[in-house]
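**Student:** Everything below, folded, please.
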Amino acid sequence: NAYIVKCTGCKKDENGNVIEVYAEYDAQTRSGMPEANRKVKGTIHWVSVSHSVNAEVRLYDRLFMVEDPSGEKDFRELLNPESLIVKTECKVEEYLKDARPLDSFQFQRIGYFNVDKESTSNHLIFNRTVALKDSWKKQNS
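**Tutor:** Take a look at the predicted model:
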């Protein structure tokens, strides 16, 4: 359901903000086609602002900075200051406005999320339950 798209240019306003993006897509790269496996410099996924809703996204990570804090010094010194990062004003696809508490979704290239129990149709809240990349393995390699 996706193609490889190449940015060919853009138009900016007087403040330097991008207001239009010019691009071309390669029809041979639709998901499932042989050309879809082509290596590219970067991949982005986007949501149309006019077809989105705002949400709060809570990115949970491990509580401690070491694998086993039990034999260490004061455990408070080992707490991960980034064990919870809260992002506000995130844009999500508008169909998610009907999501109910504990519904789960995969946000592409980010991880798996569920709808928080405190979420409402006017204030959507998504909690990351599993990240797609293992930052712990990367830190300890």
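
**Student:** Only C-alpha atoms from now on, for both contacts and neighbour counts.
**Tutor:** OK.

**Student:** where in this structure is pLDDT low?
**Tutor:** 1, 72, 134-141 (pLDDT under 70).

**Student:** Can you tell me who the residue nearest to E89 when sequence neighbours are not counted pairs with across the strands?
**Tutor:** Nearest residue to E89, sequence neighbours excluded (CA to CA, 6 or more residues apart in numbering): N54, at 5.3 Å. Under DSSP bridges, the beta-bridge partners of N54 are K91.

**Student:** residues in contact with N54?
**Tutor:** By CA atoms under 8 Å, 6 or more residues apart in numbering, the residues touching N54 are T88, E89, C90, K91, V92, H123, L124.

**Student:** any idea how far the residue nearest the centre of the chain is from H45?
**Tutor:** In the chain, the centroid-proximal residue (CA atoms, centre = their mean) is I110; its distance is 4.1 Å. Distance, I110 to H45, by CA to CA, to the nearest Å: 11 Å.

**Student:** in this structure, which spans are helices?
**Tutor:** 135-139 (DSSP state H).

**Student:** So what does the residue nearest to the centre of the chain have for phi and psi?
**Tutor:** I110 adopts backbone torsions of phi -120, psi -50, taken as degrees, to the nearest 10.

**Student:** That one contacts N127, correct?
**Tutor:** No: counting by CA atoms under 8 Å, I110 does not reach N127; the two are 11.7 Å apart.

**Student:** Excluding chain neighbours, what is closest to A131?
**Tutor:** Per CA to CA, 6+ apart, closest to A131 is G111, 4.2 Å.

**Student:** The one you found against F126, yeah?
**Tutor:** No: if you go by CA under 8 Å, G111 and F126 don't touch, sitting 11.2 Å apart.

**Student:** higher neighbour count, these two?
**Tutor:** F126 (26 against 16; other CA atoms under 10 Å).

**Student:** Distance of that one relative to I85?
**Tutor:** From F126 to I85 the distance is 12 Å (CA to CA).

**Student:** Name the residues contacting each of the two.
**Tutor:** Contacts common to F126 and I85, judged by CA under 8 Å, 6+ apart, are R58.

**Student:** Perfect, I'm done here.
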